[in-house]
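Asker: curious how this folds, go ahead:
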Amino acid sequence: MDPMGLSAGPNILELYQKPVNITTYDTKWIPTSARFVVLGSYARATGCLQIYSLDTENEGVKLNKELEKKAAFKCGTFGASSLRERHLATGNFEGYLQLWDLQRPEKPLMDVKAHTSIVNAIDGAGGQRSGYGPPELVTGGRDGCVRVWDVRQKDAPVAIFEPAEGVKARDCWSVAFGNSFNDEERCVLAGYDNGDVKMFDLRTGTVRAEHNVRNGVCSVEFDRKEIAMNKFVVTCLESAFTVFDARTQHPAKGFSSVTEKVPVSATVWGAKHLPQNREVSMVLGGDGTLMLYKYQYPDQRVVKDKDGVKMGVAGTMNLVNSKNVSTQPISSWDWSPDKEGLAVCGSFDQTVRVVCATRLNTL
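Answerer: As a prediction, the model looks like this:
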């Protein structure tokens with residue numbers, strides 16, 4: 001039964017459930033494999049790293065390895081690692097950035113104090129493709145700092161963006177790489193607890209754009225990292241997310257945007273673009289609802305203001321389907337980079353789910 005009458009489009013199917021004995025903060029597919037990583041915290045506040053594989057013969061998932069570390073894990077990414085090495089970068093509750101070889105995970109390959117407190121968010125770029133800049137990680141912390149790290153230089157960040165002296169530090173909740181379409185260009189998005197969204201240009205070391213969405217920013221993401229900026233999404237605490245058209249930046253008004261109210265009264269924890277189709281996103285609800293959206297471009301993406309200056313035009317977000325899978329917030333989501341529509345997600349009901357969005361080719 002579909003209360004929203006959306007069953008004619010793509011479906012959201014819950015394939016497998018796996019109860020876990022931890023609080024799950026992040027889930028990530030291991031590239032070019034049928035395995036995924038779960039990161040979180042045991043009840044005693046130590047860190048848990050679990051590796052699972054799809055067990056199709058028994059119609060479920062199989063725990064391959066479980067490791068306990070000193071501090072709880074908050075976030076992870078494979079984005080700065082090559083497909084051959086598949087090293088996992090993590091941020092933890094004690095402010096450490098660590099890099100792990102999952103074949104030999106007893107000791108981290110990189111272990112640096114990145115922030116004075118929790119590493120809230122991490123992203124990686126330049127690792128899985130050649131010709132798109134250096135392999136880098138970006139971290140955002142409760143201390144309000146955003147730091148960029150080259151995994152080949154493991155002792156100090158290569159770029160730091162922090163509050164000006166005398167300015168109150170805002171908790172940085174989310175970071176993301178983008179605009180990495182050659183060896184020179186790269187940008188970082190950062191979202192903060194007061195609704196600020198800042199775009200840092202790594203080539204110039206400056207703030208390229210800033211905006212306030214008037215609500216705490218739970219996540220930020222470009223639709224693609226490795227292309228010239230096209231659009232990006234910002235999700236918020238109070239039942240809404242905003243999509244910015246990043247193709248054209250007006251000198252006074254900045255990027256055009258459209259804000260979408262979701263059909264549930266809950267925090268929007270994240271919006272994750274489908275790797276095979278950047279116009280399709282899964283939006284994560286704080287009430288345990290998954291919402292599949294498609295972006296529709298306007299007939300004309302660029303217009304001129306009264307002074308003849310170009311400005312962008314935002315499109316619209318269309319809800320394709322939704323499914324409630326949990327009584328608790330969906331805290332993480334990762335699409336499989338290899339199989340379209342396959343995903344893994346974690347929620348605060350201590351359950352990890354493998355989900356499949358079907359019939360995406362009808363969009």
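
Asker: any idea which element the closest residue to Val355 other than its chain neighbours lies in?
Answerer: Excluding its sequence neighbours, the residue lying closest to Val355 (CB to CB, 6 or more residues apart in numbering) is Ala343, at 4.9 Å. The C-beta positions use only the backbone N, C-alpha and C, and glycine is treated the same way. Using DSSP states H and E, Ala343 falls within strand 342-347.

Asker: cool, Val352 as well?
Answerer: Here Val352, judged by DSSP H and E, is contained in strand 351-358.

Asker: same for that strand, what does it pack against?
Answerer: Contacts defined by 3 or more CB pairs under 8 Å, 6 or more residues apart in numbering; DSSP states H and E place strand 351-358 against strand 11-19, strand 342-347.

Asker: in the stretch 251-363 of the chain, which spans are helices?
Answerer: With helices called from DSSP state H, counting those that start in this stretch, the stretch 251-363 of the chain shows none.

Asker: got the residue ranges for the strands in it?
Answerer: Secondary structure of the stretch 251-363 of the chain (DSSP state E, counting those that start in this stretch): strands at 254-261, 268-274, 277-285, 289-296, 302-304, 310-312, 316-324, 330-335, 342-347, 351-358.

Asker: quick one: average pLDDT of the third one?
Answerer: Strand 277-285 shows a mean pLDDT of 98 in the predicted model.

Asker: elements contacting it?
Answerer: Using 3+ CB pairs under 8 Å, 6+ apart, the elements in contact with strand 277-285 are strand 231-236, strand 268-274, strand 289-296, strand 330-335.

Asker: comparing those strands, which comes out most buried?
Answerer: Highest mean neighbour count of these: strand 231-236, a mean of 26 (counted as mean count of other CB atoms under 10 Å).

Asker: for that strand, name the packing helices and strands.
Answerer: Using 3+ CB pairs under 8 Å, 6+ apart, the elements in contact with strand 231-236 are strand 217-222, strand 240-250, strand 268-274, strand 277-285.

Asker: what lines up beside the second one in the sheet?
Answerer: Taking DSSP bridges as the criterion, strand 240-250 pairs within the sheet with strand 231-236 (antiparallel), strand 254-261 (antiparallel).

Asker: could I get the phi/psi values of Lys198?
Answerer: Dihedral angles of Lys198 (phi, psi; degrees, to the nearest 10) stand at phi -120, psi 140.

Asker: next up, the contacts around Glu66.
Answerer: 48-51 (CB atoms under 8 Å, 6 or more residues apart in numbering).

Asker: between these, which is nearest Ser33?
Answerer: Among the contacts of Glu66, Ile51 lies closest to Ser33 (CB to CB), at 9.9 Å.

Asker: report the buried residues of the helix or strand hosting that closest one.
Answerer: If you go by DSSP H and E, Ile51 is part of strand 47-55. Along strand 47-55, these residues count as buried under the neighbour rule (16 or more other CB atoms under 10 Å): 47-52, 54.

Asker: now do the helices in the stretch 1-150 of the chain.
Answerer: With DSSP H, counting those that start in this stretch as the definition, the stretch 1-150 of the chain shows no helices.

Asker: show me where it dips below the pLDDT cut-off.
Answerer: For the stretch 1-150 of the chain, the stretches flagged by pLDDT under 70 are 1-8, 129-131.

Asker: where along it do the strands fall?
Answerer: Secondary structure of the stretch 1-150 of the chain by DSSP E, counting those that start in this stretch: the strands cover 11-19, 23-29, 35-41, 47-55, 60-69, 73-77, 88-92, 96-100, 110-113, 119-125, 136-141, 146-150.

Asker: out of those, deepest packed?
Answerer: Mean neighbour counts for the strands of the stretch 1-150 of the chain (mean count of other CB under 10 Å) peak at strand 136-141, with a mean of 28.

Asker: for that strand, give me every contacting residue.
Answerer: By CB under 8 Å, 6+ apart, strand 136-141 touches 77, 79-80, 89, 91, 95, 97, 114-126, 146-151, 158, 172-177, 186, 188, 190.

Asker: also stretch 106-122?
Answerer: By CB under 8 Å, 6+ apart, stretch 106-122 touches 74-77, 87, 89-101, 137-143, 145, 147, 149, 151, 154-157, 171-175.

Asker: Thr27 and Ser347 touch, don't they?
Answerer: No: the criterion here is CB atoms under 8 Å, and Thr27 misses it with Ser347 at 9.7 Å.

Asker: returning to that earlier point: out of the strands paired with strand 240-250, flag the one nearest Leu67.
Answerer: Relative to Leu67, the nearest member of the strands paired with strand 240-250 by CB to CB is strand 231-236, separated by 30.3 Å.

Asker: how big is the angle separating the closest one from strand 289-296?
Answerer: Relative orientation of strand 231-236 versus strand 289-296 (axes from the mean of the first three to the mean of the last three CA atoms, to 10 degrees): 150 degrees.

Asker: I'd say Phe348 and Thr327 touch.
Answerer: No: if you go by CB under 8 Å, Phe348 and Thr327 don't touch, sitting 9.0 Å apart.

Asker: neighbour count: those two, which is higher?
Answerer: Phe348 (17 against 11; other CB atoms under 10 Å).

Asker: which one is that one nearest to, not counting chain neighbours?
Answerer: Nearest residue to Phe348, sequence neighbours excluded (CB to CB, 6+ apart): Gln328, at 3.9 Å.

Asker: who's in contact with the one you found?
Answerer: With CB under 8 Å, 6+ apart, Gln328 has these contacts: 288, 347-349.
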